[in-house]
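S.K.: Build me a model:
(chains A, B, C and D)
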Number of protein chains: 2
Amino acid sequence: MALDHTAPPPTPEDEGAMRKSPTQKRSRERVELILASASRLIAERGSDTMRMSEVAELSGISIGSLYQYFPDKAAIIRTLAERYNAISRTCITDGLADVRTMADLQRAFSALIDEYYGIFLAEPVIRDIWSAMQADKALREIELEASRQNAILLTTALKRALPGENVDKLQASALLVMYFCECVMRLAISTGETEGRALIEAYKRMAYRSFADAPDTP
Amino acid sequence: MALDHTAPPPTPEDEGAMRKSPTQKRSRERVELILASASRLIAERGSDTMRMSEVAELSGISIGSLYQYFPDKAAIIRTLAERYNAISRTCITDGLADVRTMADLQRAFSALIDEYYGIFLAEPVIRDIWSAMQADKALREIELEASRQNAILLTTALKRALPGENVDKLQASALLVMYFCECVMRLAISTGETEGRALIEAYKRMAYRSFADAPDTP
DNA sequence: GGCAAATGTGAGGAATACTCATATTGATGC
DNA sequence: GCATCAATATGAGTATTCCTCACATTTGCC
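M.R.: Predicted structure coming up:
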């Protein structure tokens, strides 16, 4: 599952991020070399401290050549992100192919999520790109802390409404609901208001059902 | 609900981000002035294009003074973020105070989310801080597009497993589930693996319940 | 009024993404 | 083999922007 940069996959589709699509053999190899170097640097120290000069040096090419293929630093990161997305799409397609019933779906979904989490844990580059990005680490801590505080408030109300429920599960659900609240707001902003409202309604349904004292799903 | 910078609230708690807590009256006012200027600039053009020199100029103070109160650019943004968090915590506390039953909870929760979304729409500064941040806009587009693609795959499987279900709602739920997948991964990375695994289990329960053909919640 | 501490100032240092004029390399025709 | 032109490579230099620091000014206090 780990991305293999030594054997460049034939991907002429993500050239949208590039300045000039390389036609000669050597330059195609160089693009792969750049991406491999960037991957390594991101894995070691994170994308925000990765320097373009380091990418060039580690690749054994000049800065000028680097900018011949990628218009800016973000383009390198985007290209990596798109490759990871392509991989995960394949996993999902395969995982859901044979689903016929809800029981199938549940098994398949659970396995997919576990696999995905495994990849997340194992691949520092995905972790960095999707979670660290450029965003200030301290700011993410603040967001998490706010979600925790809000989750405590929600758990308190939930305990009153559902006296018999398993408290650990209530707490985990409450944290998710509060954390996802920020997430769905971001999503709604990205999609625009019309779709955003529908998504927020779906979020509310989802949150409410997660509270309901349904029997556990394995 | 909009933040009021003309009447500085007595907040000596968020001084953690500051370099030197201002003791004199004038300097307290200056801190509020800086935050108000930053707010305005972020609302107009976004935090990533906000320049420290602009903040200083708009505040009518020198750059040196700016750095007397805030150790760096991120500290200004963090201070604003913390103030918004304090406000939302108050809303949640008030909103959930009288909850006794699940019906209460549902009403209160729904109202809270609607209110929060309203704030998000109305306040460009919150929008920017929580959604744009420094992160590359194109990268967020890529994430959204990936979630959409994955949601299509999931919806296809869901339609097979639940032939009679309302397709619009299935689609909205599927998009949320897929988008939240990235979110919960980020969350799990932040919390560490022990808590992360519990959260991922909670996420799976939540996702699965959202598929189940339960009656709609109003 | 005088003194010490707090606060204010802005030219300049430092870091780093990115450019561009020039040099090198590869392909193609003869 | 050689000429020629386009594609590719180079890295010193530019531009931008965050942030510092040595010195000036103001404030509170006796």
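S.K.: Please make it C-alpha for all contacts and neighbour counts, starting now.
M.R.: Will do.
S.K.: how close does A:Ile200 sit to B:Thr101?
M.R.: Note on A:Ile200: its distance to B:Thr101, by C-alpha to C-alpha, to the nearest Å, is 23 Å.
S.K.: higher neighbour count, these two?
M.R.: A:Ile200 (23 against 15; other C-alpha atoms under 10 Å in any protein chain shown).
S.K.: what's that one in contact with, if anything?
M.R.: A:Val184, A:Met185, A:Ala188 (C-alpha atoms under 8 Å, 6 or more residues apart in numbering or on different chains).
S.K.: element containing it?
M.R.: helix A:193-211 (DSSP states H and E).
S.K.: Same question for A:Ala86.
M.R.: A:Ala86 belongs to helix A:73-96 when elements are defined using DSSP H and E.
S.K.: Now look at that helix and say if it contacts chain B.
M.R.: Yes: Helix A:73-96 lies within reach of chain B by C-alpha under 8 Å from any C-alpha of the partner chain, at A:Ala74, A:Arg78, A:Ala81, A:Glu82, A:Asn85, A:Arg89, A:Ile92, A:Thr93, A:Leu96.
S.K.: List phi and psi for the residue nearest to the fifth one when sequence neighbours are not counted.
M.R.: Of all residues beyond its chain neighbours, the one nearest A:Asn85 is B:Ala146 (6.4 Å), with distances taken as C-alpha to C-alpha, 6 or more residues apart in numbering or on different chains. Dihedral angles phi and psi of B:Ala146 (degrees, to the nearest 10) take the values phi -60, psi -40.
S.K.: From A:Arg83, how far out is B:Ala146?
M.R.: B:Ala146 is 11 Å from A:Arg83, by C-alpha to C-alpha.
S.K.: Could you do A:Phe120 as well?
M.R.: To A:Arg83, A:Phe120 is 14 Å away according to C-alpha to C-alpha.
S.K.: what sits against A:Ile77?
M.R.: A:Ile77 touches A:Ser47, A:Ile129, counting by C-alpha under 8 Å, 6+ apart.
S.K.: redo that, cut-off 10 Å
M.R.: Contact analysis of A:Ile77 by C-alpha atoms under 10 Å, 6 or more residues apart in numbering or on different chains lists A:17, A:35, A:38-39, A:42, A:47, A:70, A:125, A:128-129, A:133, B:136, B:139.
S.K.: Could you pull up the mean pLDDT of the helix holding A:Ala86?
M.R.: What helix A:73-96 shows for mean pLDDT is 88.
S.K.: close to DNA strand D, is it?
M.R.: No: Helix A:73-96 does not reach DNA strand D (C-alpha under 7 Å from any atom of the strand); its nearest approach is 14.4 Å.
S.K.: right, quick check: that helix against DNA strand C, any contact?
M.R.: Yes: contact of helix A:73-96 with DNA strand C (C-alpha under 7 Å from any atom of the strand) involves A:Lys73, A:Ala74.
S.K.: If you count neighbours, what's buried in that helix?
M.R.: A:73-85, A:88-89, A:92, A:95-96 (16 or more other C-alpha atoms under 10 Å in any protein chain shown).
S.K.: In CSV, list the C-alpha atoms belonging to stretch A:177-192.
M.R.: Extracted as CSV, the C-alpha positions of stretch A:177-192 are listed here (Å, rounded to 0.1, in the frame of the first residue of the first chain):
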residue,chain,number,x,y,z
VAL,A,177,-20.3,15.3,17.1
MET,A,178,-18.6,18.4,18.3
TYR,A,179,-15.5,18.0,16.2
PHE,A,180,-17.6,17.2,13.1
CYS,A,181,-19.5,20.4,13.7
GLU,A,182,-16.5,22.4,12.7
CYS,A,183,-15.9,20.0,9.9
VAL,A,184,-19.4,20.3,8.4
MET,A,185,-19.2,24.1,8.7
ARG,A,186,-16.0,24.0,6.6
LEU,A,187,-17.7,21.7,4.2
ALA,A,188,-20.8,23.8,3.9
ILE,A,189,-18.7,26.8,3.2
SER,A,190,-16.9,25.0,0.4
THR,A,191,-20.0,23.7,-1.3
GLY,A,192,-22.0,26.8,-1.1
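S.K.: So which residues on chain A come close to DNA strand C?
M.R.: Going by C-alpha under 7 Å from any atom of the strand, the residues of chain A near DNA strand C are A:24, A:49-53, A:63-64, A:67, A:71-74.
S.K.: ChimeraX command for the buried members of the residues you listed?
M.R.: In ChimeraX, a selection of the buried entries from the residues of chain A next to DNA strand C looks like this (16+ other C-alpha under 10 Å):
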select /A:50,52,67,73,74
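S.K.: Return the subset of the residues of chain A next to DNA strand C lying in helices.
M.R.: A:Met52, A:Ser53, A:Ile63, A:Gly64, A:Tyr67, A:Lys73, A:Ala74 (DSSP state H).
S.K.: farthest pair in the residues you listed?
M.R.: Distance extremes for those: the farthest pair is A:Gly64 and A:Ala74 at 16.1 Å, using C-alpha to C-alpha.
S.K.: Tell me how chain A divides into domains.
M.R.: Following automatic domain parsing, one gets these domains for chain A: A:1-134, A:135-218.
S.K.: ok, which of the contacts of A:Ile200 also contact DNA strand D?
M.R.: Within the contacts of A:Ile200, nothing lies near DNA strand D by C-alpha under 7 Å from any atom of the strand.
S.K.: Which of the residues you listed ranks first by neighbour count?
M.R.: A:Met185 (23 neighbours).
S.K.: residue boundaries of the strands in chain A?
M.R.: Counting by DSSP state E, one finds no strands in chain A.
S.K.: what about it, any weak spots by pLDDT?
M.R.: A:1-27, A:130-135, A:213-218 (pLDDT under 70).
S.K.: Of all residues in it, which one is closest to DNA strand D?
M.R.: Nearest residue of chain A to DNA strand D: A:Gly64, at 2.9 Å (C-alpha to the nearest atom of the strand).
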